[in-house]
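Quick one, what's the 3D model for this:
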Amino acid sequence: MKRVLLFMLLAAVLVPASCGRGSKTPPAPAGRGFPSVEIPAMITDGEERLEYMTRHLWDRYLDTSALYLSDSLHFNGVTADDLEQQMGLYTTLLWNIPIQSGKNSVAAFYEKAESFGLRYPESRVFPKLSELLNKYLYDPNSPVRNEDLYGVYVVRLAESPLVRDDYKPKYRYDANLCARNPIGSVATDFPFTDTRGRERTLHSIRADYVLLVFGNPDCSACRELTEEMGQIPEINEAITGGRLKVVDIFTDPQIDEWKAKKDSFPANWICGYDHLLSITNDRLYNVRGIPSLYLLDADKKILLKDAPQEKVLDFLLAL
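Alright, predicted model coming up:
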């Protein structure tokens with residue numbers, strides 16, 4: 001159903017095009033709406049249209065042949081609100097295509113944005129797009145955050161001639177963190193102590209799927225996740241049947257406070273604490289906000305990385 005709604009959304013914002021080029025709007029120093037994507041008529045498959053849309057959404061907006069109105073309210077003719085709406089659409093679409101296609105799209109987007117910024121630095125388009133992409137793909141509260149996709153952009157940002165030298169170390173640091181535990185890789189193993197005082201490791205957990213949760217019993221969002229998952233029969237059946245195991249790890253040093261509240265944890269979860277504090281001190285995982293959710297397969301390969309709660313629950317319901 002969500003895919004149907006997504007394609008309806010695309011149909012509402014796309015402008016069909018023939019195989020040939022349409023005429024360009026002549027340059028004008030004025031405001032404008034965000035220019036629509038023109039999808040070749042020969043592309044009829046819904047999945048292919050979605051990928052084309054994601055890859056080419058920014059083409060006409062970042063066309064370097066003309067510069068539109070750029071003032072305190074407009075970025076190359078488009079208002080800040082309209083530009084942010086397009087970034088919201090773009091990052092939502094990225095979640096609906098294969099991860100490698102998404103990475104290719106972000107790489108292409110970066111190249112277009114930097115080229116435009118080099119041609120028209122006074123437009124402020126490049127820093128604005130970089131700011132918006134960070135907000136949607138890297139803010140820990142974003143419902144469409146994705147470190148693997150943001151990493152494609154920020155690693156280039158760290159070397160861009162458009163970025164001040166004193167900003168580059170931060171971008172390199174972010175790029176390094178985004179590169180850890182990428183989707184498709186084997187999750188970094190670590191030891192932990194469970195609620196019964198036994199020392200275990202992540203890789204020792206056996207199940208078709210492992211949901212790794214970095215949380216805190218005092219975190220309201222963590223409690224909400226626990227309550228919501230507890231009310232979903234399909235997830236509880238998967239846990240009871242052994243197909244899914246939930247591993248909740250406390251990463252902070254206040255171990256006595258965690259132990260005082262261990263009885264509040266779900267009985268069918270595996271809960272523990274990082275007794276070596278290696279997750280935080282060695283940055284084994286880039287835990288920037290909690291709960292932070294990683295979904296692993298039977299071989300501990302990462303399927304979802306620090307994914308929004310809705311994305312994880314949708315995946316689990318589809319098992």
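
So Tyr294: helix, strand or coil?
Under DSSP: H, G, I helix; E, B strand; the rest coil, the three-state class of Tyr294 is strand.

How many residues are close by Thr64?
Using other C-beta atoms under 10 Å, Thr64 is surrounded by 12 other residues. C-beta here means a position set from N, CA and C on the backbone, and glycine is covered the same way.

wait, is it part of a helix?
No: counting by three-state DSSP, Thr64 is not found in a helix; it is coil.

quick one: pLDDT of it?
As predicted, Thr64 sits at a pLDDT of 97.

Give me the below-cutoff pLDDT ranges for the protein.
1-29 (pLDDT under 70).

any idea where the strands of it begin and end?
For the chain, applying DSSP state E gives strands covering 15-17, 38-40, 74-75, 78-79, 191-194, 199-201, 209-215, 244-250, 270-273, 292-297, 302-304.

what's the fifth one packed up against?
This points to strand 191-194. strand 199-201, strand 270-273 (3 or more C-beta pairs under 8 Å, 6 or more residues apart in numbering; DSSP states H and E).

thinking again about what came up before, and the strands of the chain: which comes nearest Ala108?
Ala108 lies closest to strand 38-40 among the strands of the chain, at 15.9 Å (C-beta to C-beta).

Just checking the distance from the closest one to the centre of its chain.
Its chain's C-alpha centre and that of strand 38-40 lie 27 Å apart, by C-alpha atoms, centre = their mean, to the nearest Å.

closest one to Arg164 among the strands of the chain?
Closest approach to Arg164 among the strands of the chain is made by strand 74-75 (19.5 Å; C-beta to C-beta).

all helices for the stretch 51-200 of the chain, in order.
80-94, 99-119, 125-137, 147-157, 168-178 (DSSP state H, counting those that start in this stretch).

Then the stretch 201-319 of the chain?
Taking DSSP H, counting those that start in this stretch as the test, the helices found in the stretch 201-319 of the chain are 220-230, 233-240, 255-260, 278-281, 309-317.

List the buried residues in stretch 298-309.
By neighbour count with 16 or more other C-beta atoms under 10 Å, stretch 298-309 contains the buried residues Lys300, Ile302, Leu303, Leu304, Lys305, Asp306, Ala307, Pro308.

Can you give me the neighbour number for Pro217?
Using other C-beta under 10 Å, the number of residues around Pro217 comes to 17.

Check the gap between it and Ile249 for me.
12 Å (C-beta to C-beta, to the nearest Å).

Identify, out of the helices and strands packed on strand 191-194, the most deeply packed stretch.
Of all these, strand 270-273 carries the top mean neighbour count, a mean of 22, counting by mean count of other C-beta atoms under 10 Å.

So what are the sheet partners of that strand and their directions?
Each strand paired with strand 270-273, and its direction, by DSSP bridges: strand 191-194 (antiparallel), strand 244-250 (parallel).

and the last one with strand 292-297, angle?
Between the axes of strand 244-250 and strand 292-297, defined by axes from the mean of the first three to the mean of the last three C-alpha atoms, to 10 degrees, the angle is 150 degrees.

Contacts for strand 244-250, please.
With contact meaning C-beta atoms under 8 Å, 6 or more residues apart in numbering, strand 244-250 is reached by 192, 202, 205-217, 229, 235, 238-239, 258, 265-266, 268-274, 279, 316, 319.

Can you go through those residues and name the buried ones?
Neighbour-count burial (16+ other C-beta under 10 Å) applied to these gives 192, 202, 207, 209-217, 229, 235, 238-239, 258, 265, 269-274, 279, 316.

Gly230 and Asn236, how far apart?
Gly230 sits 7 Å away from Asn236, going by C-beta to C-beta.

Likewise for Ser160?
Taking C-beta to C-beta, one finds Ser160 at 48 Å from Asn236.

now Asp71
When distance is defined by C-beta to C-beta, Asp71 is 55 Å away from Asn236.

phi, psi of the nearest residue to Thr193 once chain neighbours are set aside?
The shortest distance from Thr193 to any non-neighbouring residue, by C-beta to C-beta, 6 or more residues apart in numbering, is to His275 (4.7 Å). The phi/psi pair for His275 (degrees, to the nearest 10) reads phi -70, psi -20.

Then Ser160?
Reported as degrees, to the nearest 10, the phi and psi values for Ser160 are phi -70, psi 140.

contacting residues for the nearest residue to it once chain neighbours are set aside?
Nearest in space to Ser160, with sequence neighbours left out and distances taken as C-beta to C-beta, 6+ apart, is Glu114 at 6.0 Å. Neighbouring residues of Glu114 by C-beta under 8 Å, 6+ apart: Phe126, Arg156, Ser160, Leu162.
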